[in-house]
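Trainee: Could you work out the structure for the sequence below:
(4 chains)
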4 protein chains.
Amino acid sequence: MATFHEVVELKGHIIDSWSLPRAWDTIMDRGGNFTVQEITIGKHKSEPSYVRLQIEAQDPETLELIISELQQFGAVMVDAHDTQTEMVEQDGVLPPNFYSTTNLPTQIRIGGQWVTVDGIEMDVVIVVEPEHKHAYCKPMHEVQKGDKIVVGHKGIRVQPYERERGQETFAFMQSDVSSERAKVLAIKNIARQMRETHKRGGKILFVLGPAVIHTGAGRYVAELIQRGYVHAIFGGNAIITHDIESALFGTSLGVNLKTGEQVEGGHRNHLRAINAMRGIGSLEKAIEAGLLREGITYEALKRGLPLVLAGSIRDDGPMPGVITDMPEAQHRMREVVQDIDMTIMVASMLHAIATGNLLPARVRTVVVDINPAVVTKLADRGTFQAAGLVTDAELFLRELVESLNEIERTEV
Amino acid sequence: MATFHEVVELKGHIIDSWSLPRAWDTIMDRGGNFTVQEITIGKHKSEPSYVRLQIEAQDPETLELIISELQQFGAVMVDAHDTQTEMVEQDGVLPPNFYSTTNLPTQIRIGGQWVTVDGIEMDVVIVVEPEHKHAYCKPMHEVQKGDKIVVGHKGIRVQPYERERGQETFAFMQSDVSSERAKVLAIKNIARQMRETHKRGGKILFVLGPAVIHTGAGRYVAELIQRGYVHAIFGGNAIITHDIESALFGTSLGVNLKTGEQVEGGHRNHLRAINAMRGIGSLEKAIEAGLLREGITYEALKRGLPLVLAGSIRDDGPMPGVITDMPEAQHRMREVVQDIDMTIMVASMLHAIATGNLLPARVRTVVVDINPAVVTKLADRGTFQAAGLVTDAELFLRELVESLNEIERTEV
Amino acid sequence: MATFHEVVELKGHIIDSWSLPRAWDTIMDRGGNFTVQEITIGKHKSEPSYVRLQIEAQDPETLELIISELQQFGAVMVDAHDTQTEMVEQDGVLPPNFYSTTNLPTQIRIGGQWVTVDGIEMDVVIVVEPEHKHAYCKPMHEVQKGDKIVVGHKGIRVQPYERERGQETFAFMQSDVSSERAKVLAIKNIARQMRETHKRGGKILFVLGPAVIHTGAGRYVAELIQRGYVHAIFGGNAIITHDIESALFGTSLGVNLKTGEQVEGGHRNHLRAINAMRGIGSLEKAIEAGLLREGITYEALKRGLPLVLAGSIRDDGPMPGVITDMPEAQHRMREVVQDIDMTIMVASMLHAIATGNLLPARVRTVVVDINPAVVTKLADRGTFQAAGLVTDAELFLRELVESLNEIERTEV
Amino acid sequence: MATFHEVVELKGHIIDSWSLPRAWDTIMDRGGNFTVQEITIGKHKSEPSYVRLQIEAQDPETLELIISELQQFGAVMVDAHDTQTEMVEQDGVLPPNFYSTTNLPTQIRIGGQWVTVDGIEMDVVIVVEPEHKHAYCKPMHEVQKGDKIVVGHKGIRVQPYERERGQETFAFMQSDVSSERAKVLAIKNIARQMRETHKRGGKILFVLGPAVIHTGAGRYVAELIQRGYVHAIFGGNAIITHDIESALFGTSLGVNLKTGEQVEGGHRNHLRAINAMRGIGSLEKAIEAGLLREGITYEALKRGLPLVLAGSIRDDGPMPGVITDMPEAQHRMREVVQDIDMTIMVASMLHAIATGNLLPARVRTVVVDINPAVVTKLADRGTFQAAGLVTDAELFLRELVESLNEIERTEV
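Mentor: Next up is the predicted model:
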């Protein structure tokens, strides 16, 4: 029976990073077969290994599927080919055989030369400008007639994700999402990582859900902004509305944050907060006018931090500043994400997943939620670099501020 | 010390529906006081009761807050006043003292006459056209200069929600959200209610999340559409995309729905489905062209059912037909909701809450989710007419179809 | 049609405590009917109310069921009767018509005199010694031939549970179990209540699950013991085993509690801990011998606190000191519970429910778990005095210690 | 610097079954090092592979820890040694260096010969009778003075667990525990596996929680017993009590299973059920006397199936037949488990974990629960052969019966 085949090679820490076993696994799961043409295993864990495999499959579709999955483990086709492209013929519509990206660092071969793809994120396509040896990502709806889109799997090289080991924060945390672990330890590690990022001028993005305000933890985020640990904020209409509700009226969803008492039934204070901002015209004007004097929004806008607020179908209002068109909101998030080094997501499912979709795998990501499903869901959707912490958002943020205090104190 | 007071009365089944005890409770919780001026308790449960209370509070704000909460239990101020209105002076901005609605049937007094408010939903405002004795709801962002908006609490009458008793579906189900109850029984009750709604020409709205497709339960919804039990569908980009992915490729998120095997890694099939629809221009054209021949979308569009697809920040694509602007999507949902009699929400948190926000309390609502938090969240936000069923979406839909079969069979 | 009837009366804050509306509700839910023979509603909230109702039902069983449920709201039959008893004829077997208790303060009428039932807990029976005007509770399996057991519903008076209002801890907390509330506030309230209990010589019981140790939070409990805030501990084989594992090896389930690293695969350290204690003979001897020098067990035993460790079917070992016979363990728990004033349950489902079953309603109970189902389950089973906190066990205990520090500091 | 080393080898499908990469991973995680002395990778997936590794570590404890973990992946020390044993010197107390088992098939070398260990389960010890070339498992508390216990890691061979691939039930199911998968498919696979087990005379154990009765699904289990698909049942006091409550009174926790109505407040019917059985003396006598005529207990006892009912600290009663001493209950469970081939666990956390602890890895295990945490917890504790299904217990059992009907029909 005729088979279709292709030869690929994997190099580096393919044992330690499980690239090799996962490659074998994939081939077999997909119903393919392989022959080991050459294998050199590093004698010690520090030495790189090398393997060259011939992949076989009964039809070209299966072969292509296998190759596409192996590429995520760093497999490169041995036969030297440039990447193939096809032209977009209709705005917002891709050529059928488009290559869909992962969030891993990716190179494509143009004119015999490997070129890094800019703005990598998952599930988008690669636009190539061969004349400038330039390649970058675009989401489907932004492609335009004439764009050259990478198709098939030739001339593509993906750098696999290398898990960390031992005592490093993320190794420690990626192991599981159980709440039955020492979270104070994990929070200290996160604080240390934030401190290092801060010191080397890196940027930290916070993605926040409204529970941050409902629980009275907005003050900790405000403090982190003041101390320079926050460089961008993503959220929705709810967090901004309750942040302003709490700044204006001292309540969140009508609950007094100092006493825990329900002082206002239902949503009225929050509608009043939106109405007040709509009346004055914008959040910025409310600060200028001295109407808004504290809270996350205040601290962020005063420092000119990017504050991307994406609307949703369940919103009241909306609050001025909230972007109600989804592709536009994503576009703005994409711009901000480009130079982020670390992301902390707290008590937000919708915005956490949305941000996870846009983050390159190199961005250290911490997801904090009391619901293990949120953490699992993010990893399931491909944000495998996310370290999950199943814990209380409020107590997490309080502890994070204390850990940073402690670290700064010991530095002096 | 000076106190502020107001006299209100409650009539009807105020004992049975807990209006009276909840009224007393509210007054005390808010720090007010009351004097019972007159009370007549029905001697039997079928007889109506009557109570007239003088409410006292130490400041006018507290008094107003108490009155506003008592109105939700049906309290009416004894002093006969017309409702008060103020003019909108800036598009999208309300007068400060705006009255914020509940989702309960509401009347306002215009020129001494009680007029029912049209299009009632929660957390919006009431626009009055006194010359036409007409009043209707508007969300904040749609109010326009010159609109007369109800302010304060005078001349407003709310008809409280009366819980059902005994063996009726909703009484049975509203009691708790535990998964440790006989769900086959509950599903039979829901089927019976759907059957009755269907027979008297009522309309049923389905709000669906993508898990309906991932679990292979799309076929049951398609069957319900064919048999006339679905009159409108709300959902997002994900459900429509996976529905079309499964119609075109037999997979949902790359998993073959016949075998349960992962046949395609990641999101590629789903991007291909979106791309195919974008290529042909619209879902309707895909049906015309014979490209799309089965599934929920196909069945719904073939019958001209309203299919409102609201985008979100985490979407890929989007699929043609998805409304990406949130206020526009809400506007479309509001229109559809007007003549709905029953709503079934399955495996959707975001769209369930969004729809719950728009539904008047008279619409029988069933929320089905494997996660008890979704059910609880909906009720917490004020959709108290929602009966929750904590169970598996796929098995729920399968059982629902079987129960309807059984009911129809016994009718013949 | 013949009906059966009985006249009952309710007195006191029957409006405010919802006794009256719940009574009405129950009668109607059960298919009975009522006539209001007399009603006096306090004109102000501070004045007591009074109502006398004639209850009607179509059969004596329904009537009895209604009466038995009304008794939980404090209803007392108007016709003066002494309580009725029947003799136990076989050890461990009750007369068929036995009265099953609630956890509310209960009195029975013996010889025309109301006598308080000792050791009240739910779902047990009342043994009467008429000659001593004495009545006390017994679980079914402990009744003995000749015991006089209360049957039917005559001559029984239950003092209903009065909900608290406003800013008090428990009112604040009983409202809901959402994690989206300010927990730091709630923890401060709990600390305040512990402080007050401590100062007036009250006793606090801790019920602990193994996650307390796994998360490294054992140190906070140990500190609370040292400072006199813990007067008894209930738990199982797991918590004691991991506490001793951490004292001996610095690990819990093989994870180093200082570094978070897995230093020992599987359960070996924990088996070694059990084996070491079995070798030396008992926990007490291990302390004497200087083998066990820290941890919860050490601190508790050193102070002679009652430490009731009840085994379970999933246990390894067991550890010496664990009671493996369930009725015996319950018996020991019952003894300890008698003079407890407050209970804190952390990260334990099985032991929390077991303890909840034994606690009289007067014992202030706080249930802390990251899983909302645990909190809900406890309330569903009748421990309605339990205030739930859905949060992280480790961070809760850390914050509790800090709050107590703060309170003590401000007292000086 | 001096290092300690040992040479081990792995053979067979060590690539496909991930034994080799996991071995490498473990060595590095534990801070050891390795040298590949020889490696032969099968050229195709059907060919076995072979590797010989020298493991290095800085201290003998680390080396031993590494070796002990590698043994779980099938590593065998190259230097030929017999297993080492030490004598028990005190009943119920192990020699300090005891070898703690996994639930994988295990052989030990006695007198140069590999002998299979009988009754393997995890976290127990191996008793050797060298004279009979016999070895078997014992829990710690059952060891007796004079028993020879395996210590250290020499002469031990563990057969690693080989993951299944592709379309087989368990491969399909072990991949994840999300509820967002096609459960009807999975249930069909389970039914097929039960059918096969049944046909070849295999035995199926059901572990059941009380929600099976509360949801009215007891009838499906009763039907499965009648049709010969159940060979043993494990559960607790609650399931048996509610099963008998439903047989005697038609209720479970007072809820009528035909109508869903609460017909009896609180726990009274369930106490009456217990009392009735206590009165007659035993479940068997109740059947004889014609008092108990239906339900799970009735069907099981009528057929003489082993019904192991283990008590717990939260039990009322207990019901006759419930074993209240935990080591005794475990002992009885151990006996029954010996010849079980498949286990279905439904809606039970405590008993599922307890049973999981006792099951050898060869027993196909399905865990069904609506709470994903139960499924995860079981796998975390080492029952890695468990395939989890996050779904509704009632609907699962109903669907299972229907799937078996369908399979039997197509066989004819």
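Trainee: how about the helix or strand containing residue A:10, does it get close to chain D?
Mentor: Per DSSP states H and E, residue A:10 falls inside strand A:4-12. No. Interface with chain D: strand A:4-12 contributes nothing (CB under 8 Å from any CB of the partner chain), its closest point being 12.9 Å away. Placement of C-beta: from N, CA and C, glycine included.
Trainee: Give the buried residues for that strand.
Mentor: The neighbour-count check on strand A:4-12 (16 or more other CB atoms under 10 Å in any protein chain shown) flags A:6, A:8-10, A:12 as buried.
Trainee: which non-adjacent residue is nearest residue A:99?
Mentor: Nearest in space to residue A:99, with sequence neighbours left out and distances taken as CB to CB, 6 or more residues apart in numbering or on different chains, is residue A:150 at 4.4 Å.
Trainee: any idea how far residue A:98 is from residue A:150?
Mentor: Residue A:150 sits 7 Å away from residue A:98, going by CB to CB, to the nearest Å.
Trainee: and for these two, which residues touch both?
Mentor: Here residue A:150 and residue A:98 have residue A:125 as joint contacts, going by CB atoms under 8 Å, 6 or more residues apart in numbering or on different chains.
Trainee: per the record, what domains does chain A have?
Mentor: The record's domain parsing of chain A by automatic domain parsing lists A:1-79, A:81-162, A:171-411.
Trainee: Any part of the shortest one near chain B?
Mentor: Yes. Domain A:1-79 reaches chain B (CB under 8 Å from any CB) through A:29, A:65, A:68-69, A:72.
Trainee: One more: the longest one?
Mentor: Yes. Domain A:171-411 is in contact with chain B by CB under 8 Å from any CB, via A:236, A:262, A:264-268, A:271-272, A:274-275, A:278-279, A:310-318, A:324-327, A:329-330, A:333, A:349-351, A:353-354, A:357, A:371, A:373, A:382.
Trainee: out of the residues you listed, which are inside helices?
Mentor: Within the residues of domain A:171-411 next to chain B, residues falling in helices by DSSP state H are A:268, A:271-272, A:274-275, A:278-279, A:326-327, A:329-330, A:333, A:350-351, A:353-354, A:357, A:373.
Trainee: among those residues, which are in reach of chain D?
Mentor: Among those, the ones lying near chain D by CB under 8 Å from any CB are residue A:373.
Trainee: Now look at stretch A:66-81 and say if it contacts chain D.
Mentor: No. Stretch A:66-81 stays clear of chain D (CB under 8 Å from any CB), getting no nearer than 12.1 Å.
Trainee: Report the separation between the residue of the stretch 51-200 of chain A found nearest chain C and chain D.
Mentor: Of all residues in the stretch 51-200 of chain A, residue A:182 sits closest to chain C, at 3.9 Å by CB to the nearest CB. Distance, residue A:182 to chain D, using CB to the nearest CB, to the nearest Å: 16 Å.
Trainee: Not counting its neighbours along the chain, what's nearest residue A:26?
Mentor: Sequence neighbours aside, residue A:69 is the residue nearest to residue A:26 in space, at 4.8 Å (criterion: CB to CB, 6+ apart).
Trainee: ok, now how distant is residue A:158 from residue A:49?
Mentor: Separation of residue A:158 from residue A:49 (CB to CB) stands at 18 Å.
Trainee: and these two? which has more neighbours close in?
Mentor: Per other CB atoms under 10 Å in any protein chain shown, whichever of residue A:158 and residue A:49 has more neighbours is residue A:158, with 23 against 19.
Trainee: what's across from the more buried one in the sheet?
Mentor: Taking DSSP bridges as the rule, residue A:158 bridges to residue A:106.
Trainee: Isn't it up against residue A:69?
Mentor: No. Taking contacts as CB atoms under 8 Å, residue A:158 lies outside contact range of residue A:69: 10.5 Å.
Trainee: tell me which parts of the stretch 251-400 of chain A are close to chain C?
Mentor: The stretch 251-400 of chain A comes close to chain C at residues A:255, A:257-262, A:370, A:390-396, A:398-399, as judged by CB under 8 Å from any CB.
Trainee: Can you give me every residue that contacts the closest residue to residue A:30 other than its chain neighbours?
Mentor: In this structure, residue A:30 finds its nearest non-sequential neighbour in residue A:66, 5.0 Å apart by CB to CB, 6+ apart. Applying CB under 8 Å, 6+ apart to residue A:66 gives the contacts A:26-27, A:30, A:32, A:55, A:57.
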